[in-house]
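[1] Pasting the sequence and the predicted coordinates here, then a few questions.
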Amino acid sequence: MTKNQKTEPTVTILGEDFSGSNSSLKSSEDMIWGTFLLFCGSVLLFNYLGVFPWEFWDQVWRFWPVIIVLSGLSIILGKSWLARLLIAVLSSIAFGFITLVGLKEVGIPLVESLPLELPSIIESLEAIIK
């Protein structure tokens, strides 16, 4: 190697290469759809097992624009690892709150046993959405 040749630094965590030229990393869109599919699959499993009533879907369906908002954010933020991390965290939080709102609306006792501040936050978010 000559003096004028520059090498790109590489970062390897648990055997996975996170260098800038690595094209095998997942995009932010993959994170959003992956989180969405995990959410839907989990809810369907809980419906099938009788944990959640089927009316849960009536409450959750009204939040479909969240997927469009998260997709738009992923386009704006780009494909850096920080943007992917941010989108993954935001989509997990969003689908978690959607789940809590749906459970609250169908009257699952799980929501009533949460800390007192959380139901008031959910009600505030519902007021903003409506």
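    Received it, and whenever you're ready, just let me know what you need. Computed from a predicted structure; not experimentally measured. Numbers count the residues shown, from 1 in each chain.
[2] residues near L44, how many?
    13 (other CB atoms under 10 Å). C-beta coordinates here come from the backbone N, C-alpha and C atoms, glycine included.
[3] Then S91?
    Going by other CB under 10 Å, the residues that sit close to S91 add up to 26.
[4] Surely it touches L70?
    Yes - the pair formed by S91 and L70 meets the contact definition of CB atoms under 8 Å, at 5.2 Å.
[5] Overlap of the contact sets of those two?
    I32 (CB atoms under 8 Å, 6 or more residues apart in numbering).
[6] Using CSV, list the CA coordinates for the host helix or strand of G34.
    Applying DSSP states H and E as the criterion places G34 in helix 28-49. Extracted C-alpha coordinates of helix 28-49, given in CSV (Å, rounded to 0.1, in the frame of the first residue of the first chain):
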residue,chain,number,x,y,z
SER,A,28,-35.3,2.4,7.3
GLU,A,29,-38.3,1.2,5.3
ASP,A,30,-37.4,-2.4,6.2
MET,A,31,-37.4,-1.4,9.8
ILE,A,32,-40.9,0.2,9.6
TRP,A,33,-42.4,-2.8,7.7
GLY,A,34,-40.6,-5.2,10.0
THR,A,35,-42.0,-3.5,13.1
PHE,A,36,-45.5,-3.3,11.5
LEU,A,37,-45.5,-7.0,10.6
LEU,A,38,-44.3,-8.0,14.1
PHE,A,39,-47.2,-5.8,15.5
CYS,A,40,-49.8,-7.3,13.3
GLY,A,41,-48.6,-10.9,13.8
SER,A,42,-48.5,-10.5,17.5
VAL,A,43,-52.0,-9.0,17.7
LEU,A,44,-53.4,-11.7,15.4
LEU,A,45,-51.8,-14.4,17.6
PHE,A,46,-53.3,-12.8,20.7
ASN,A,47,-56.7,-12.6,18.9
TYR,A,48,-56.4,-16.3,18.1
LEU,A,49,-55.4,-17.2,21.6
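[7] I am finished for the moment; much appreciated.
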